[in-house]
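Participant: A predicted structure for the sequence below; I have some questions about it.
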Amino acid sequence: MRIKLGLVIALVSLMGVGLVQGQARGALLFDTLTFDGLERSFLVFVPAGYDGLEPIPLVLNLHGAGSTAAEQVIYSQLNLVSDTAGFLVVIPDAIDNFWNSGFSFIPPGSPDDVSFLLGLLDSMSTRYNIDPNRIYSTGMSNGGFMSYRLACEASDRIAAIASVTGSMADNVYASCDPSRVVPVLEIHGTADLTVPFDGGLSSTAIPDVVEFWRVHNECPELPVISDFPDLESEGCTVQAQRYFPCRDWSEMLLYRIENGGHTWPGAFPLPGAGCTNLDIRANVEVWKFFRRHNLANRYTGSLTVLPADALRVFPNPSSGMFRLEGASAGPFVVLNSLGERVLEGTLLAEPTTIAMQGFPAGVYLLRLSTGGVQRLLLNP
C-alpha cells in the first residue's frame, strides 16, 4: 500500500498539525536506532497521561510496501485509540520501504527485520515502562505479513497480532512453528486485488491462514458468525468469524469484508484500491482484540452472545452451545464448580446463544443480573 506524498501533504494542510497526532494529546516523536550497521528510523507515539509509574502495553504498527512510518500514522489513525486507551505505539520504517516478511523471492542478505524489531522492542523497554506481557504487532499489507512472521518466530515476545490486508508469505506458512498459541485477527476484503483473499503469488489464501491458526491454537472447528450492521452505503459489508475459546484462552478471528478492497477499514478511501469499509474502524477493532490477550494467558474479554431462534436453556446437557429463551437483557457470568468466573458478557433482549466449546466437561452455573441461576451441564 502506497499513499502518495502529495496526498499526505494535502491532508496535513487540510486538517492541520492535529492530523499527525490525530487530534490526540500525546506526543509523536521521531528517533533512530543503529542496527546491523544501519541507521533505522522510527516514530513513537506516547499517549497523554503517561508518567512511567505503571507499565503500559506496546503496539508495533507496521506500514505497507512502498509506504512509510509517517504515512502509516496518518492512514491507520491508531494514535487516536492509543491516546484514549493508554498504550505506546511504535511505527518503524523498513529498509527501502519493504519488510523482509519471509517471501521466497527475497534474496539472501536482505535485512533481518525480525531481529531489528526485537532489538527495537528492547530499546523501547529501556526508555519506557513497558509491560512485557502486552506487546503486540499490527500492520497494513506488507506490515501484516511481517506481523505474521513475528507471530511465527517471536511468539515468546509478541502476545497477539492483527493483520489488515496482509497474509502469510509462502515460506513463513510452510515453516511456521510458534512456541506457544498466538491470538490472531485478520481483516481482509474479498475483492482485494493486491493480496487476493484466495491467495496469489507467494501469498497464502486467507482461508488457509485462518485454518492454520485455528488448528495451532486448538480452537473449535466451527466459528461463531455475526454480521456487523451495514451502516454505510460504500458497497462492502463486514462479517466476523470468531473461533473461541481456544487453548490458553487464545482465539482466531476473521473480519471478512465482503467486496472490500486493499484498504484499512474506517480510513479515507484510496483511489484504485477498492471499497473502504466504513461500518467498522480497524484501529478500534485491532485494539479491542489486543486488549483481550497477553502472554500470561489471562483472558480479559467477555463472551460474545448472538441473536438466535432459540427462561429455558436447551440443549442441557450440551456439547458447547446453549440457547436461552426468556432471559431479560443484562450482564451475566458463568461460574465453574469451584465458583470461579470463567466467562462473562451481556445477554440480549432477544433469544441468545452462549458458546462454550472447548471448555472442560462438568457442571457450570449461569448467573443472571436479575438474580436467577441456571445450572449448565457441559459434556465432552
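Facilitator: Right, received. Where do you want to start?
Participant: tell me where the stretch 251-380 of the chain has helices.
Facilitator: 282-290 (DSSP state H, counting those that start in this stretch).
Participant: below-threshold pLDDT in it: ranges please.
Facilitator: 298-299, 301-311, 327, 348-351, 369-372, 380 (pLDDT under 70).
Participant: on the three-state scheme, residue 99 is what?
Facilitator: Assigned by DSSP: H, G, I helix; E, B strand; the rest coil, the conformation of residue 99 is coil.
Participant: now do the one 3 residues further on
Facilitator: Here residue 102 is recorded as coil under three-state DSSP.
Participant: residues contacting it?
Facilitator: Residues in contact with residue 102, defined by Cβ atoms under 8 Å, 6 or more residues apart in numbering, are 145, 149, 168, 169, 170, 171, 172. In short, each C-beta sits where N, CA and C put it, glycine included.
Participant: and it, how far from residue 300?
Facilitator: Here residue 102 is placed at a distance of 31 Å from residue 300 (Cβ to Cβ, to the nearest Å).
Participant: ok so, going back, now for the contacts of residue 102, which pair is the farthest apart?
Facilitator: For those, the farthest-apart pair by Cβ to Cβ is 149 and 170; their separation is 11.8 Å.
Participant: okay, the two: which has more neighbours?
Facilitator: Legend: neighbour count by other Cβ atoms under 10 Å for residue 149 and residue 170, higher for residue 149 (24 against 17).
Participant: and the pLDDT for that one?
Facilitator: For residue 149, the pLDDT comes out at 98.
Participant: for the one 5 residues further on, same thing?
Facilitator: In the predicted model, residue 154 carries a pLDDT score of 98.
Participant: could you verify my assumption that it touches residue 119?
Facilitator: No: taking contacts as Cβ atoms under 8 Å, residue 154 lies outside contact range of residue 119: 11.3 Å.
Participant: those two - which one has more neighbours?
Facilitator: residue 154 (19 against 16).
Participant: and the gap between the more buried one and residue 179?
Facilitator: Distance, residue 154 to residue 179, using Cβ to Cβ: 9 Å.
Participant: for the longest strand along the chain, name the packing helices and strands.
Facilitator: In the chain, taking DSSP state E as the definition, the longest strand is strand 130-140. Using 3 or more Cβ pairs under 8 Å, 6 or more residues apart in numbering; DSSP states H and E, the elements in contact with strand 130-140 are strand 56-62, helix 69-76, helix 113-127, helix 142-153, strand 160-164, helix 282-290.
Participant: out of the ones you listed, deepest packed?
Facilitator: Of all the helices and strands packed on strand 130-140, strand 160-164 carries the top mean neighbour count, a mean of 29, counting by mean count of other Cβ atoms under 10 Å.
Participant: can you tell me what sits against it?
Facilitator: Strand 160-164 is contacted by residues 76, 136-141, 143-145, 147-148, 150-151, 182-188, 264-265, 282, 285-286, 289-290, 293 when judged by Cβ under 8 Å, 6+ apart.
Participant: now the helix or strand following it, how far from the centre of its chain.
Facilitator: Following strand 160-164 in sequence order, the next helix or strand is helix 170-175 (DSSP states H and E). Relative to its parent chain, helix 170-175 has a centroid offset of 21 Å by Cα atoms, centre = their mean, to the nearest Å.
Participant: and helix 170-175, what's buried?
Facilitator: Neighbour counts over helix 170-175 (16 or more other Cβ atoms under 10 Å) mark 170, 171, 172, 173 as buried.
Participant: pull it out as PDB, backbone CA atoms only.
Facilitator: Presented in PDB, the C-alpha positions along helix 170-175 are these (Å, rounded to 0.1, in the frame of the first residue of the first chain):
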ATOM      1  CA  ASP A 170       4.700 -18.700   1.300                       C
ATOM      2  CA  ASN A 171       8.000 -19.600   3.200                       C
ATOM      3  CA  VAL A 172       6.500 -18.400   6.500                       C
ATOM      4  CA  TYR A 173       3.400 -20.500   6.000                       C
ATOM      5  CA  ALA A 174       5.500 -23.600   5.200                       C
ATOM      6  CA  SER A 175       7.900 -23.300   8.200                       C
END
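Participant: got the contact list for it?
Facilitator: 101-104, 145, 148-149, 152, 202-204, 208-209, 212.
Participant: do stretch 211-228 as well
Facilitator: 168, 173, 176, 178, 181-184, 204, 237-247, 250-252, 254, 279-280, 304, 306, 320, 353, 355, 357-358.
Participant: okay, now it: how far is its last residue from its first?
Facilitator: With Cα to Cα, to the nearest Å as the measure, stretch 211-228 spans 22 Å from end to end.
Participant: go on, stretch 73-84?
Facilitator: By Cα to Cα, the extent of stretch 73-84 from end to end equals 16 Å.
Participant: returning to that earlier point: what mean pLDDT does the longest strand of the chain get?
Facilitator: Mean predicted lDDT for strand 130-140 stands at 98.
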